[in-house]
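In: got a predicted structure plus its sequence, pasted below:
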Protein chains: 2
Amino acid sequence: LVSALANELTRLVGAEHIVTDALARFSTDASEAHGVAGHADAAVMPGSAQEVADVLAWCYAHDVAVVPRGGGSGYVGGAVPVDGGAVIALERLTAIRELAPLQWRAHVEAGLSTRHVQRLARENGLYYAPDPGAAEQSQIGGNVATNAGGPHAFKYGVTGAWVTGLEVAVAPGELIEVGGPTRKDVGGYDLRSLLIGSEGTLGVVTAVWLKLLPAPEQRYPLAAMCADARHAGEAIAAVFGSGVVPSAMEFLDAHTLELAGPPFPDAPSATGVLVIAEADGTGPAAAAARGELLEALREHATSVHAPTNSAEIAALWRWRDEVSLRVVAQRGGKLSEDVAVPVDRLVELLEGLTEIGTRHGLDTCSWGHAGDGNVHATFLVRRDRPEEVARAERAAHELFALTVRLGGAVSGEHGLGVVKRGALKLQWDEKARELHAAVKAAFDPKGLLNPGKKDAFSGPADRASA
Amino acid sequence: LVSALANELTRLVGAEHIVTDALARFSTDASEAHGVAGHADAAVMPGSAQEVADVLAWCYAHDVAVVPRGGGSGYVGGAVPVDGGAVIALERLTAIRELAPLQWRAHVEAGLSTRHVQRLARENGLYYAPDPGAAEQSQIGGNVATNAGGPHAFKYGVTGAWVTGLEVAVAPGELIEVGGPTRKDVGGYDLRSLLIGSEGTLGVVTAVWLKLLPAPEQRYPLAAMCADARHAGEAIAAVFGSGVVPSAMEFLDAHTLELAGPPFPDAPSATGVLVIAEADGTGPAAAAARGELLEALREHATSVHAPTNSAEIAALWRWRDEVSLRVVAQRGGKLSEDVAVPVDRLVELLEGLTEIGTRHGLDTCSWGHAGDGNVHATFLVRRDRPEEVARAERAAHELFALTVRLGGAVSGEHGLGVVKRGALKLQWDEKARELHAAVKAAFDPKGLLNPGKKDAFSGPADRASA
């Protein structure tokens, strides 16, 4: 079958767009620290949406699993071919099908990088706000498949809030459109939203209609150093109470600051928790909002860094973007879990995380999207020490249980993939998970679309085997 | 079976909360002008979410259809028991389960009126923006079931954008929770969004978690009279080009103005199209945005009404809220279709609507949410003239076809219900509709949840029989 697969895919997309050896780069993604690795039988780079559907059609007819791949920056193994099959890499689908700046919208193919989409908007006076952590590497199709977030999701929503339509290759191998350039549509069931965040298990996104916004003229981040998690919690509450909707509200704990280095020149030595809240808008409105945020934060902080020139502002956000890489560089690996809780339970979550990490003897830190209660709970590990990784996995499972006790969600950004197998059991009761599975069966009766991912039933016991 | 039904429902909810005769008020909704009427075998008013699930369980076990009913303000017959069965009216589920102003959120039961939710937010310094047309009458559960919109959806999104979680009674009769108070959640498939807008055909919404926003301090609507649809289109484009995101952008054509009466004292005689754009925000920011909108509109308008005092502002919006009622009062009935197109096709749609109405000899007018390309295309009819209604139905079908040719959606706000049976065929290809039907089968294998509604396959020929 593998040679038939290669022959047929060659016929469909051309010999230069198929890889049948040297498949290493299609075997892993950013979940490597979890020890997730797969093996593809082939990888194929279709040149058009129709070719994606054609490849899917052949694979579906021949019972070959299909693993869609965007930029490979996911943390839960969503792009890893854990059970073989064909990887469909979307990297050649980079056309901008329509750009309508005067109507605040764009129609782009799935393989365009997130950064490219952001830049395309900016160069036309517009704004695409979602800013997940690896924007150079990640692709808009992957962002849709995971419903990616980022710091600015607090005010502007996650990827799905920007999507008015999708073109998707679905089983047994054809293209459908759900939504389009129209901003409101309640005719059929909301299959668009259902596909968003489905991690390639219901279909392969080939193109996306985006609605954009006029670019805010100014942004003013304020970085407030707070004595500890409780003071940080008070600062966050004060921002909520200020009446200003900040464009982002982040936090980074003391150990993160220690590992990632100073967030700005002359930063105070990091002994507490840094809270970053940002005001944006037109010039005077942004300045007024900045003033109110500053007032709200000051009362609960030991110091506030409040840059107003664009170079300093850009430097602060660049540092924030690099936190994850800087932290991982310390020990070569990390398990970073992206749990989310109601914002009034954030401090309890952070305190619980510290306790769990200490009890398991793990080097633990956390940062994330405070306003959304979304924490990147991180255990530093050396990937060549399986015992350490296993300990971190056990700690992560305890963290999921704590999150659910606090009324939260086991994943705020990354999804389930294979890494979080079993975690949804903690959060959703059986009936909801049955409906989840029934939706999967409706879209993918043969179970060939990204097998093993986003499974609502396989248990925590399966987790280590990923 | 009917007496078994009555006996059993009495046991479940108490004799005082079941109606088995005098069922008229449960037999119709605002779709009466389309001639839609049904007959319920019983209507039941459960007193808790668990009672809703219990009633559903009994009905499901005994093959009795279930028709959920909110405020009955829908235009497509979504709440009408067209095939008998039990109506479940949510009007007793009015508890506010949690109100957390400092976390900008609320947890309310499905039967709370939209106006009550709006007021609850306002009284706590917060804002719930969705403002569908019958806020006193409609209920939040019905708003979720239809994904209701309104003028302020342009900036703030439709109902679904405000919902972080749902409690839903699903077949064969139990409660599930999808989402909750947490603002980000990508663990399971987005069943929350799938249920939003599903018109009671996948489950019965019993409670809703809402995320709210701080209330904008000021709002400044600007009402610009434009010579005709083309000038109105230019005014709308100028607003898009201004860089300001208006909180609402409405239009009303000349005939609507004629029928609804003057929008404000000293309004110029209505010979054109009125465009209303509104600036909102904190005081100075709203004032600055108002100035920019005024400049953008002026160039394309013959006059601009720009009230700054709150009484005049409230009067303008109150008039706008009443337009639908004022228009229907003229002849006793109207067929109002809520198609939506990409905003750059709006003028073509309006010109096409005029042509269709004229050709069918119908008294035609339109208004709606210009920024979203969402038009309430209205044919005035007398309900006691079936031939006139039938002609309007044919005109509506042509309008749907035109909308789809322009890249639009057959429903931007109302949904399919029974009135728009067959319309989705024009918009979605067969495969997408198969997936729609497969989702329905996954949630409702017996087809007992709001039967005949939101059907993707029954054809235009079925339309008249509704």
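Out: Sure, I can see it. Predicted model, so just to flag it, every value in this text is computed and none were measured.

In: the residue sitting nearest the centre point of chain A: what's it in contact with?
Out: Geometric centre of chain A, nearest residue: residue A:148, 3.7 Å, by Cα atoms, centre = their mean. By Cβ atoms under 8 Å, 6 or more residues apart in numbering or on different chains, the contact list for residue A:148 reads A:114, A:130, A:132, A:138, A:142, A:158, A:159, A:413. All C-beta spots, glycine's among them, are computed from the backbone N, C-alpha and C.

In: give me the subset of these touching chain B.
Out: Checking those against chain B by Cβ under 8 Å from any Cβ of the partner chain, the ones in range are A:158, A:413.

In: quick one: which helix or strand includes the residue nearest to the centre of chain A?
Out: Residue A:148 belongs to no helix or strand when assigned by DSSP states H and E.

In: out of everything not next to it in sequence, what's closest to it?
Out: Spatial nearest neighbour of residue A:148, chain neighbours left out: residue A:132 (3.9 Å); criterion: Cβ to Cβ, 6 or more residues apart in numbering or on different chains.

In: which parts of the stretch 201-350 of chain A sit against chain B?
Out: Going by Cβ under 8 Å from any Cβ, the residues of the stretch 201-350 of chain A near chain B are A:202, A:213-215, A:237, A:240-241, A:243-245, A:281-282, A:284-285, A:288-289, A:340-344.

In: filter these down to the ones in strands?
Out: Applying DSSP state E to these, the entries found in strands are A:213, A:214, A:281.

In: closest to chain B among the residues you listed?
Out: Relative to chain B, the closest of those is residue A:214; by Cβ to the nearest Cβ it sits at 4.4 Å.

In: what's around the residue in the stretch 251-400 of chain A that chain B sits nearest to, how many residues?
Out: At 3.2 Å from chain B, residue A:285 is the closest residue in the stretch 251-400 of chain A, using Cβ to the nearest Cβ. Residues near residue A:285, counting by other Cβ atoms under 10 Å in any protein chain shown, number 24.

In: lowest average confidence, helix or strand, in chain A?
Out: helix A:460-463 (a mean of 48; mean pLDDT, DSSP states H and E).

In: stretch A:132-152: end-to-end distance?
Out: 9 Å (Cα to Cα, to the nearest Å).

In: ditto for stretch A:104-123
Out: Terminal-residue distance, stretch A:104-123 (Cα to Cα): 12 Å.

In: give the buried residues for it.
Out: Buried positions in stretch A:104-123, judged by neighbour count with 16 or more other Cβ atoms under 10 Å in any protein chain shown: A:104-114, A:116-118, A:120-121.

In: residue B:193: which of the ones in strands among the residues of the stretch 201-350 of chain A next to chain B is nearest?
Out: Checking those against residue B:193 by Cβ to Cβ gives residue A:213 as the nearest, at 20.9 Å.

In: and for that closest one, the neighbour number?
Out: For residue A:213, using other Cβ under 10 Å, the count is 16.

In: check contacts around the nearest residue to it once chain neighbours are set aside.
Out: Sequence neighbours aside, residue A:127 is the residue nearest to residue A:213 in space, at 4.8 Å (criterion: Cβ to Cβ, 6+ apart). By Cβ under 8 Å, 6+ apart, the residues touching residue A:127 are A:121, A:212, A:213, A:214, A:215, A:216.

In: so where is the stretch 251-400 of chain A shaky, pLDDT-wise?
Out: Residues of the stretch 251-400 of chain A that meet the criterion pLDDT under 70 lie in A:270.

In: and the strands in it?
Out: Assigned by DSSP state E, counting those that start in this stretch, the strands in the stretch 251-400 of chain A fall at A:273-281, A:303-305, A:333-337, A:363-369, A:374-381.

In: make CSV out of those strands and add mean neighbour count.
Out: Listed next are these as CSV, based on neighbours: other Cβ atoms under 10 Å in any protein chain shown:
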stretch, mean neighbour count
strand A:273-281, 26
strand A:303-305, 17
strand A:333-337, 24
strand A:363-369, 24
strand A:374-381, 27
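
In: just to revisit the earlier point, widest-spaced pair of the buried residues of stretch A:104-123?
Out: Maximum distance among the buried residues of stretch A:104-123 (Cβ to Cβ): 22.9 Å, for A:104 and A:111.

In: returning to that earlier point: so which of the buried residues of stretch A:104-123 is the closest to chain B?
Out: residue A:104 (6.4 Å).

In: the closest one reaches residue A:211, doesn't it?
Out: Yes: using Cβ atoms under 8 Å, residue A:104 makes contact with residue A:211 at a distance of 6.1 Å.

In: who touches stretch A:425-441?
Out: Contacts of stretch A:425-441 (Cβ under 8 Å, 6+ apart): A:194, A:201-202, A:400-401, A:404, A:409-410, A:424, A:447, A:454, A:456-457, A:459-460, B:170, B:174, B:176-178, B:187-189, B:191, B:194, B:439, B:442-443.

In: which of those residues are buried, as a ChimeraX select command?
Out: The buried residues among the contacts of stretch A:425-441 can be selected in ChimeraX (16+ other Cβ under 10 Å) with this line:
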select /A:194,201,202,400,401,404,409,410,424,454,456,460 /B:170,174,176,177,178,187,188,189,191,194,439,442,443
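
In: OK, contacts around residue A:287?
Out: Contacts of residue A:287 by Cβ under 8 Å, 6+ apart are A:218, A:220, A:279.

In: how many residues are close by the first one?
Out: What that stands for is residue A:218. With other Cβ under 10 Å as criterion, residue A:218 counts 18.

In: so who does it touch?
Out: A:280, A:281, A:282, A:283, A:286, A:287.

In: contacting residues for residue A:198?
Out: Here residue A:198 is in contact with A:145, A:454, B:189, B:190 (criterion: Cβ under 8 Å, 6+ apart).

In: could you report the pLDDT at it?
Out: Looking at residue A:198, its pLDDT reads 98.
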